[in-house]
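[1] Give me a 3D structure for the following:
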Amino acid sequence: MPYYVTTPIYYVNAAPHLGHAYTTIAADVLARHMRQRGEEVFFLTGTDEHGEPIAQAAEREGLTPQELVDRIAPRFQALMPELEVSNDFFIRTSDPQHEAKVQEILQRVYDAGHVYAGTYEGWYCPRCADFKTESEIAEGNTCPIHGIPLEWHEEDNWFFRLSAFQVPLERLYAERPDFVLPGVRYNEAVSFIRQGLDDVSLTRARLRWGVPVPWDENQVFYVWFDALLNYVTALSYARDGVDLTSEFWPARYHLIGKDILKFHCVYWPALLMAAGYEVPHRLFVHGYLLSEGEKMSKSLGNVLDPFEVMDKFGPDALRFYCLREVTFGQDGSVSTTGFESRYETELANDFGNLASRTIAMIGRYRDGTIPDAPVDPQLEPDFAGLGETVVARLDDADVTGALDEIWQRVRRLNRYVEERAPWQLAKDEARAGDLDVALRSLAEGLRVVTVLLHAYRPSTAERLLAALGRPALQLTTARYGAQPGGQPVEAIEPLFPKR
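    Sure thing, here's the model as predicted:
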C-alpha cells in the first residue's frame, strides 16, 4: 500500500532551527521504516513562502518578497541532506505549478458554492497570519502563541463556508477515533468543532504577496489555505509528466506541531471535502521542544542551531537525541547539556562500545569471523516479537516508543556481554563452544537492533551492518537467528567517538 507522509511546510521568515529538524526527522523515520518494509513511499517537505510576514520582512530589507524567499528557502533545502533526510520532493509555495494548482482547486470550491463575499473584522496576529476568536485571545489582548499584541483588522474578503461542514466534521471524528493522534489532540480538535464553526476568511485584500484569486483580481488567497493545499498540489508536479495524486492520496500521515492544530485538524479536512478530495488517513500532532521551559521558536530567539550540533556530533546523534529525549507527541525540554549526556551514556557507551567490543572480540578470539554456531536461546525471549512491536509502534507514529523498544535490547546485549564474559571463556579451551555461541549471539543481536535502528540513524547503521558482513536492511531480516554465522567482520572506527 503506498505510503505518503508529510511535514508542515516551514515559514521562511528566518533561518531553520531545531524545531524544524524535529518534525522532519520524525517523518523521515517513518518514511525510511516503510521503505524497509517494501512499501512505495512518498515523503514531502518544503517551505511556505507567501503572506504578510514575508512581505514585511522583505520591505525592511529593501528586497522584493521573491528575492527574500529565494535567499532563505535554500537554507531549509540544505538542512535536508545535512540531516540525512530522504524526502522525495521539496515544495516551495512560490513554485508556479503550486500556485496554478491552488487556483484550480479553490476555483472548484468557489464554483461549488462554498465561497461568498463578506466583510471581516477581528483581532489578528501577524506572526500566526491568523484571526483569533475570543477564546483564543490571551491576557492583555495578545497572541497566546507569540505573546505579541494583536492588531484589529477590517476588510472585504471572500469567505469559506466552514460552518457548512460542522456536521460532516463531527461525523468524521465520531467514525474515526484515531484520525488525530495522540488522543489529547483528538479531543482538542473535537472540542473546537463542538463550540460551533464560524465561516473563515479565504482571501486577503490588503496584501499583494500571495496566490491571486482567479475570480477577483483585487484579492489573494489567505496564506493558510495556500499552504495547506501543498499536500495535494505537490503530487501533481513532483515528477515530470506524472501526476501522483491517484497513487498516493490520501496521505497516510501529516505530522504537525500543536500550534497549527486548528488549521490542519479542522480547516483542512473541511476544505478537502469542499474540493471533492478524501481526507488524510491520520494526523499526528507533536508538542513543543522547550528551552528553559519556553517553546523553542524563531520569534522568541531561544533556538538551538541544528547545523552547529551536527558539526560537532554528526547527524545521526542529532536524529537520535530529538526522538529519544522528548516523547513524540508531548512537550519536552532539550539542552546542550542534555544532548551531551545522552550522547555519552547511550550512543558512545551503550551502543558504540557494544559494537566495538563485539567486533574486537570476534577479531581477537575467532580471527575476525563470526562463528557458525547456534544463537543462544537465553536471548530468544528478549528478541521474540521485537520486529512486530516496532512495526505496531511506528504504524501509530510512536517514534519514541519504538526507539525505546529497540534500546531495551541494546541494554540487554550489554548485560549479556557481562553475563557471558567472553574474555573468560576464551581462557578455557573446553568452553570453546560456549564462546562461539556467545560471539555469534552478540553479533546477531547487534545486527537485529541495527537493522531496526536504520530508520533513526541511517549512516551509522549502514557502516555497522557492512562491518558485520550483513548489509541487508529489509525489515524481514530483523529477526534474531534469521541470518547464519560464518561471515567475516571488519574493524570499524568508533561509531560515536567520545568528545
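
[2] Which of the three states applies to residue 15?
    coil (DSSP: H, G, I helix; E, B strand; the rest coil).

[3] right, and it touches residue 73 too?
    No. Checked against CB atoms under 8 Å, the pair residue 15 and residue 73 is beyond contact range at 11.0 Å. Heads up, the C-betas are built off the backbone N, CA and C, glycines and all.

[4] what about those two, which has more around it?
    residue 73 (20 against 14; other CB atoms under 10 Å).

[5] Quick check: which ranges of the stretch 51-200 of the chain have low pLDDT?
    Along the stretch 51-200 of the chain, segments meeting pLDDT under 70 span 129-130.

[6] So which residues of it form strands?
    Ranges of strands within the stretch 51-200 of the chain are 89-92, 115-125, 130-132, 151-160, 180-181, 200-201, based on DSSP state E, counting those that start in this stretch.

[7] and the nearest residue to residue 279 once chain neighbours are set aside, what pLDDT?
    The shortest distance from residue 279 to any non-neighbouring residue, by CB to CB, 6 or more residues apart in numbering, is to residue 269 (4.3 Å). Here the pLDDT value assigned to residue 269 is 99.

[8] A helix includes residue 269, no?
    Yes. The assignment for residue 269 by three-state DSSP puts it in a helix.

[9] So which residues of the stretch 251-400 of the chain form helices?
    Along the stretch 251-400 of the chain, counting by DSSP state H, counting those that start in this stretch, helices occupy 261-262, 268-275, 306-313, 315-325, 336-342, 354-366, 380-383, 386-395, 399-420.

[10] Run through the neighbouring helices and strands of the second one.
    It refers to helix 268-275. In terms of contacts (3 or more CB pairs under 8 Å, 6 or more residues apart in numbering; DSSP states H and E), helix 268-275 is packed against helix 96-111, strand 151-160, helix 166-175, helix 223-228.

[11] Of all these, which one comes closest to residue 374?
    Evaluated with CB to CB, these place helix 166-175 nearest to residue 374, the distance being 50.3 Å.

[12] can you list contacts of the closest one?
    Applying CB atoms under 8 Å, 6 or more residues apart in numbering, the contact partners of helix 166-175 are 179-180, 186, 189-190, 193-194, 196-197, 266, 269-270, 273, 279.

[13] Drop anything exposed from these.
    179, 180, 186, 189, 190, 193, 197, 266, 269, 270, 273, 279 (16 or more other CB atoms under 10 Å).

[14] Next, work out how far apart residue 156 and residue 236 are.
    Distance, residue 156 to residue 236, by CB to CB, to the nearest Å: 31 Å.

[15] just residue 487 next, same as before
    Distance from residue 487 to residue 236, counting by CB to CB: 47 Å.

[16] Please say which of those two ends up with more neighbours.
    residue 236 (17 against 14).

[17] Which pLDDT does the model give that one?
    Listed pLDDT for residue 236 reads 98.

[18] In this structure it contacts residue 243, no?
    Yes. Checked against CB under 8 Å, the pair residue 236 and residue 243 is within contact range at 5.1 Å.

[19] What pLDDT does the model give residue 280?
    Looking at residue 280, its pLDDT reads 99.

[20] Could you report the neighbour count for residue 97?
    Number of residues near residue 97 (other CB under 10 Å) recorded here: 14.

[21] ok, it touching residue 235?
    No. Counting by CB under 8 Å, residue 97 stays clear of residue 235, with 10.9 Å between them.

[22] got a markdown table for the helices and strands packed on helix 268-275, with distance to residue 59 too?
    Listed next are the helices and strands packed on helix 268-275 as a markdown table, based on distance: least, CB to CB, whole Å:
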| stretch | distance to residue 59 |
| --- | --- |
| helix 96-111 | 21 |
| strand 151-160 | 17 |
| helix 166-175 | 38 |
| helix 223-228 | 16 |
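
[23] so what's residue 99 closest to, chain neighbours aside?
    residue 211 is the one closest to residue 99 (CB to CB, 6+ apart), at 4.8 Å.

[24] Look up how far residue 473 lies from that neighbour.
    The gap separating residue 211 from residue 473 is 41 Å, by CB to CB.

[25] More neighbours: the two, which one.
    residue 211 (24 against 18).
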